[in-house]
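Student: here is my input; please provide its structure:
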Amino acid sequence: MTHARWLTAFLVAALAAPLHAGTLTAKNSNARGDGNETPAGAAVRACEPRGMRVQVLGSGGPELIGGRASSSYLVWIDGRARALVDLGGGAALRFGETGANIADLDVILFTHLHVDHSADLPALIKASFFQGRDRALPIYGPTGNRLMPSTVTFVREMFNSTSGAFRYLGSFVNPMTRDVYKLQPHDVQPKPRKLGLAPKSPEGEILASFANERLRTSAASVAHGELPALAWRIQVGEKSVVFSGDTNGEGHLAKLAAGADLLVAHNAVPETAQGTERSLHMPPSTIGRIAKNANVKQLVLSHRMQRTVGRESEALEQIRRHYTGPAVFANDLDCFTP
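Tutor: Numbers count the residues shown, from 1 in each chain. Sure thing, here's the model as predicted:
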């Protein structure tokens, strides 16, 4: 082999290695490491059926390139899918690829209602008709403002039997027979901030939400431009995972994430972001500071976009100025153990 061919082969092999740090590893990863991971194949890609597992259904944003579904995460407990956090475009397909059953879900949690976090809700609800769900499905998310409906309004108007965009699915809001379960949307307080004003909620307010015998959830308000937005914490026994959702880093994420076993944070902008991008999303240095201040045990970076894919080393360098624990960049269908 000539020197030139050897060098080319070496560079290809180097680029093929997935970029991560520390001891945190992802199961089911289909990473090529070049930022354009191959979408999952037809095979079932479930997490290990023991304890609590977090599976990334969508590791991307609203872009239609790069082979990533939009934001969505599935929490497994002892081999059953129990909590779904966000449901952006393409995530319903990923849900099916995991082998999860909609009938097993205890709750759906929305961080906010941007399309790349909520677009696949009607697809999931329609699909549930074929999976034998027979109990109510709670859906929790933020309140609304003049720019965005509340979670209750979002769900009810989407499936309103007379005026909804998916009125033919209206029976899921107002069941007429016993063979159709009911959607139960809930708005999570505090009320959203007014435009240009700081959040009204007291400093560090953490809000208890859905709970049952398997899991407990709590939320905190975070800043995402002018939109109402939440971060979520899910507790299963002694294990916990926190989902930042989209946020510029202001709000109560650090307090919500305190001592968490796993923080899923969104790496949607580079360190140099300014203007609208920066008002919506936190740069890597802010992610690192929050992870450090919260003393989280592991960090997963998701919501990867074309402006951040390929800049993982740069992002990790900024994060490492503050947080030195295990960190990894997520891909669709990756599984993590809190």
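Student: how about the strands in the stretch 51-200 of the chain?
Tutor: For the stretch 51-200 of the chain, the strands defined by DSSP state E, counting those that start in this stretch cover 52-58, 72-77, 80-85, 107-109, 137-142, 183-188.
Student: just send those strands back as a markdown table, with mean pLDDT too.
Tutor: Below are the strands of the stretch 51-200 of the chain laid out as a markdown table (pLDDT from 0 to 100):
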| stretch | mean pLDDT |
| --- | --- |
| strand 52-58 | 98 |
| strand 72-77 | 98 |
| strand 80-85 | 98 |
| strand 107-109 | 98 |
| strand 137-142 | 97 |
| strand 183-188 | 96 |
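Student: which one of those strands lies nearest to H322?
Tutor: Closest to H322 of these, according to CB to CB: strand 52-58, at 22.7 Å. In this view, the C-beta of every residue, glycine as well, is placed from N, C-alpha and C.
Student: spit out the contact partners of A100.
Tutor: By CB atoms under 8 Å, 6 or more residues apart in numbering, A100 lies in contact with 46, 74, 76, 81.
Student: if you rank those residues by neighbours, which is first?
Tutor: Within the contacts of A100, neighbour counts (other CB atoms under 10 Å) peak at L74, which reaches 26 neighbours.
Student: what's around V180, how many residues?
Tutor: As a burial measure, V180 scores 17 neighbours (other CB under 10 Å).
Student: and it, how close does it get to A123?
Tutor: As judged by CB to CB, to the nearest Å, V180 and A123 stand 17 Å apart.
Student: same check on S59?
Tutor: 19 Å.
Student: okay, those two: which has more neighbours?
Tutor: Neighbours were counted for S59 and for A123 using other CB under 10 Å; S59 has more, 30 against 18.
Student: ok, the closest residue in space to the more buried one that isn't next to it in sequence - contacts?
Tutor: If the residues on either side of it in the chain are set aside, S59 comes closest to A330, at 4.5 Å by CB to CB, 6 or more residues apart in numbering. For A330, the contact set (CB under 8 Å, 6+ apart) comprises 26, 56, 59, 264, 300-302, 304.
Student: now render the strands of the stretch 51-200 of the chain as CSV, adding distance to G245.
Tutor: Converted to CSV, the strands of the stretch 51-200 of the chain look like this (distance: least, CB to CB, whole Å):
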stretch, distance to G245
strand 52-58, 13
strand 72-77, 10
strand 80-85, 8
strand 107-109, 9
strand 137-142, 9
strand 183-188, 12
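Student: pretty sure C335 contacts Q55?
Tutor: Yes - counting by CB atoms under 8 Å, C335 does reach Q55; the two are 4.9 Å apart.
Student: with neighbour numbers in mind, choose between the two.
Tutor: Set C335 next to Q55 and count neighbours by other CB under 10 Å: Q55 wins out with 26 against 20.
Student: H114 touches G245, doesn't it?
Tutor: No - look at H114 against G245 with CB under 8 Å: they stay out of range, at 9.6 Å.
Student: when these two are compared, which one has more neighbours?
Tutor: The residue with more neighbours, out of H114 and G245, is G245; 27 against 23, by other CB under 10 Å.
Student: the more buried one against V222, yeah?
Tutor: Yes - counting by CB under 8 Å, G245 touches V222, with 6.5 Å between them.
Student: joint contacts of those two?
Tutor: Joint contacts of G245 and V222 (CB under 8 Å, 6+ apart) are 229-231.
Student: in strands, which of those residues appear?
Tutor: 230-231 (DSSP state E).
Student: which one of the shared contacts of G245 and V222 is nearest G66?
Tutor: A229 (23.6 Å).
Student: residues near the closest residue to that closest one other than its chain neighbours, how many?
Tutor: Closest residue to A229 apart from its sequence neighbours, by CB to CB, 6+ apart: H112 at 4.1 Å. Using other CB under 10 Å, H112 is surrounded by 24 other residues.
Student: what about H112, distance to R289?
Tutor: With distances taken as CB to CB, H112 is found 22 Å from R289.
Student: return the residues in contact with the residue nearest to P338 when sequence neighbours are not counted.
Tutor: Leaving aside its chain neighbours, P338 sits nearest to D261 (3.7 Å; criterion: CB to CB, 6+ apart). Taking CB under 8 Å, 6+ apart, we find D261 in contact with 239-241, 296-298, 338.
Student: okay if I get those residues as CSV plus distance to F172, secondary structure and neighbour count?
Tutor: Compiled in CSV, the contacts of D261 are given as follows (distance: CB to CB, whole Å; DSSP: H, G, I helix; E, B strand; the rest coil; neighbours: other CB atoms under 10 Å):
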residue, distance to F172, secondary structure, neighbour count
K239, 32, strand, 19
S240, 31, strand, 24
V241, 28, strand, 28
V296, 36, coil, 26
K297, 38, coil, 17
Q298, 36, coil, 22
P338, 32, coil, 21
